[in-house]
Structure formats: structure tokens, C-alpha cells
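1. Turn this into a model:
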Amino acid sequence: MKSFRATVVVFSAAVALAGCKFPGTGGAKPPTGQVVARVGDHEVTLRDLQAEMGDETISDPKARKSAEQAALGNIVGRTILADAAREQGLDKTPDFAIQKQRVYDTLLVQTLQQKVAGQVPQPTKQEGQEFVTGHPDIFSERKVFLVDQIRMPRPTDPAVLKSLEPLKTLDQVETLLKTDSIPYQRAGGSLDAVGADPRLVDQILKLPPNEVFVMPGGNGLLVNQIRETKVIPFTGDPALDYAMKLIARQRTQETIQRSMRELMSKAAPSVQFNKDYAPPKPAAASAGARQPAADAAKKP
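-> Below you'll find the predicted structure:
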């Protein structure tokens, strides 16, 4: 919430700055070339502006110019307010030092992940076609599930998820939520195999008829019961393009996760904890098959 408020403040400042008339800087020459603005002693370069805009691509020249001006306003506003904070010595406080280190480390981790992602080979058309052929429920026999649905907040107590496992109908789920005074909304909805995790689609298709299943939905959970399944084929070049992008995304995620695990495992012997703050020992894997509903609910 703090970061959201900070974003609002900076954005509001940028909006306010948009209506300001900035006086000249005496005999100083206005910025040219790769320097797009100057704030006191700070130069804002074209690279800074491009970084602020991120991956945003706008073909319309007028719309792009407007987006550039908005992004530049954000940079200028942030720079002015940051200078004001430095003048008040806020960059010397212990709290700021902690936050600075956290942000710095987070950016380094993101940069590391981007480096790993950039080294992942892109899938070939043959791999894309093999994926299409191997997943008929997403492509040639694409499934669209019409469902009755309950939306509920994600419980912090694992026992709540455990109590959902034996339930077979939405009415039973609704009764449980009422008994435990858990807020929820009940309505109809649809789940398209295109856009869903293929593993989740496979799990849904293996469920007994009319059995409920749980899956993530934003910040909460969706409890679903299928009332009808439609087959709407997804084929041709759009399907191949979708398959290749899905393979690339999955391959990138798996490579990043594997790389991060290897780095963490390699560094683990160098980590020491105060006994009062040591993490719990990993629990032994429970025997027996797990409920599909619980598996789906625990997917990220």
C-alpha cells in the first residue's frame, strides 16, 4: 500500500507539473540531442525516457508524442521531489537505507532473471505444430466450459482449503462458507481452454461429472462446477502462433525457476539463521493421492 500511495503522489505531482510554466535557466542552453530535459543538475536522456515507457509501442505519432510527454513528466516530477527529499536529509535515514537496499536487490534479481530469459531459445514452428497436435482439447477440440461459480477470498488458514476437498457440489460449498462466515459471490461464468494452463485443462477433464474444482481467481479463489462443455475449434495460423508463444512462456518460466533454484541451492551452505528465526524443516510428502480441487487451488 505504501508503494501505491507513493505512485499516486508522484503521478499527481507530474500532472501538476504539466500545467506549470518552467522559466528559462539563464544563459544555459536548452537540452538537445540525446538529452531530452534538464532538472537542475540532472540530465534526462532519451534512454531514461525509453526506460520509463517500457515496452509500450505506439504507432500513431500523436499518441506516441502524448505518451512520451506523460512519461517525461513523471521523470521530471520524480526528480524534483527526490531532490527535495535529499535536501531534507531523508536519504540518510535508517529506514531509507533498508528500503533502498531492498529495491536495489530486487532490481538485481529482476535483471538476472531477464538475462536468463534472454538466453532461452525460441520454439520452432515444428515444435509449435507438435504442441497443437498433442493438445486437441485446446486446439482442434478446444473446450469452453460453462460453469456455475463461487468467488471467495483466498483463505489464510490451510484448514479452510482442506475442508473444501471432500465437497462435491456448490451448494455444499456455499453452506460451508455461510457456516464459517466467509464472504462469497455466486454467479455463472466460463472457462476457455485457450488462455488456461494446459495442466489445469487436463485436470478438469479428468474430474468425475459435476464435481467441483477450485482454481485461483485474481486475489481470491473460484469454486466451479461445470454445467455445459462446448467444443469450439481453434486452428490455423492463430493457433500455431498461440502455441509457440505458450511454449516460449513455459520454457522461459521453467528455465528461470530452475536457474534460481540452482543458485539458491549452491549458496545454501553459506546461510546461517538465528535459532529463534530459523525456517521450519520441510515436511515429508504426504502419502496418497491428492484431491484435484486442492491441486488446482494451489497453482500460482
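2. ok but residue 215 is inside a strand, no?
-> Yes. Judged by DSSP: H, G, I helix; E, B strand; the rest coil, residue 215 forms part of a strand.
3. can you pull up the bridge partners for it?
-> residue 222 (DSSP bridges).
4. Roughly how far does it sit from residue 252?
-> Per CB to CB, to the nearest Å, residue 215 is found 23 Å from residue 252. (Glycine included, C-beta is placed from N, CA and C.)
5. tell me the mean pLDDT for stretch 277-292?
-> In this model, stretch 277-292 has a mean pLDDT of 62.
6. For the closest residue to residue 45 other than its chain neighbours, what are phi and psi?
-> Once flanking residues are discounted, residue 45 sits nearest to residue 34: 5.3 Å by CB to CB, 6 or more residues apart in numbering. Residue 34 adopts backbone torsions of phi -80, psi -10, taken as degrees, to the nearest 10.
7. the domain parsing of the protein - what is it?
-> If you go by automatic domain parsing, the domain ranges for the chain are 1-15+32-98, 125-235+291-297.
8. List the buried residues in stretch 78-89.
-> In terms of neighbour count (16 or more other CB atoms under 10 Å), stretch 78-89 has its buried residues at 78, 79, 80, 81.
9. mind saving the C-alpha coords of it as PDB?
-> What follows is stretch 78-89, C-alpha atoms only, in PDB (Å, rounded to 0.1, in the frame of the first residue of the first chain):
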ATOM      1  CA  ARG A  78      10.000  12.300  -9.500                       C
ATOM      2  CA  THR A  79      13.400  14.000  -9.900                       C
ATOM      3  CA  ILE A  80      12.200  17.300  -8.300                       C
ATOM      4  CA  LEU A  81      10.600  15.500  -5.400                       C
ATOM      5  CA  ALA A  82      13.600  13.300  -4.900                       C
ATOM      6  CA  ASP A  83      15.900  16.300  -4.800                       C
ATOM      7  CA  ALA A  84      13.500  17.900  -2.200                       C
ATOM      8  CA  ALA A  85      13.800  14.700  -0.100                       C
ATOM      9  CA  ARG A  86      17.600  14.800  -0.300                       C
ATOM     10  CA  GLU A  87      17.700  18.400   0.800                       C
ATOM     11  CA  GLN A  88      15.700  17.400   3.900                       C
ATOM     12  CA  GLY A  89      18.200  14.600   4.600                       C
END
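10. could you pull out the helices for the stretch 151-300 of the chain?
-> Counting by DSSP state H, counting those that start in this stretch, the stretch 151-300 of the chain has these helices, from start to end: 158-164, 170-179, 198-206, 236-267, 292-297.
11. Just want the angle from the fourth one to helix 198-206.
-> So the one you mean is helix 236-267. Orientation check (axes from the mean of the first three to the mean of the last three CA atoms, to 10 degrees): helix 236-267 against helix 198-206 gives 110 degrees.
12. From the contact counts, what lies against helix 236-267?
-> Packing contacts for helix 236-267, counted by 3 or more CB pairs under 8 Å, 6 or more residues apart in numbering; DSSP states H and E, involve helix 94-118, helix 125-134.
13. do you know how far residue 99 is from residue 108?
-> 15 Å.
14. okay, those two: which has more neighbours?
-> residue 99 (13 against 10; other CB atoms under 10 Å).
15. Test my guess that residue 244 contacts residue 129.
-> No. Between residue 244 and residue 129 there is no contact under CB atoms under 8 Å: 9.1 Å.
16. Pick out whichever of the two has more residues nearby.
-> residue 244 (19 against 14).
17. contacting residues for the nearest residue to that one once chain neighbours are set aside?
-> Distances taken as CB to CB, 6+ apart place residue 128 nearest to residue 244, at 3.9 Å, with adjacent residues excluded. Applying CB atoms under 8 Å, 6 or more residues apart in numbering to residue 128 gives the contacts 240, 241, 243, 244, 247.
18. residues in contact with the residue nearest to residue 45?
-> 45, 46, 47.
19. Repeat that for residue 71.
-> Residues near residue 71 by CB under 8 Å, 6+ apart: 49, 52, 53.
20. buried stuff in the host helix or strand of the first one?
-> I take that to be residue 49. Secondary structure from DSSP states H and E places residue 49 in helix 46-53. The neighbour-count check on helix 46-53 (16+ other CB under 10 Å) flags 48, 49, 52, 53 as buried.
21. what's downstream of it, the next helix or strand?
-> Where DSSP H and E defines the elements, the next helix or strand beyond helix 46-53 is helix 61-87.
22. picking up where we left off before, now that we have the helices of the stretch 151-300 of the chain, can you turn them into CSV and tack on distance to residue 94?
-> Formatted as CSV, these follow (distance: least, CB to CB, whole Å):
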stretch, distance to residue 94
helix 158-164, 36
helix 170-179, 44
helix 198-206, 45
helix 236-267, 27
helix 292-297, 40
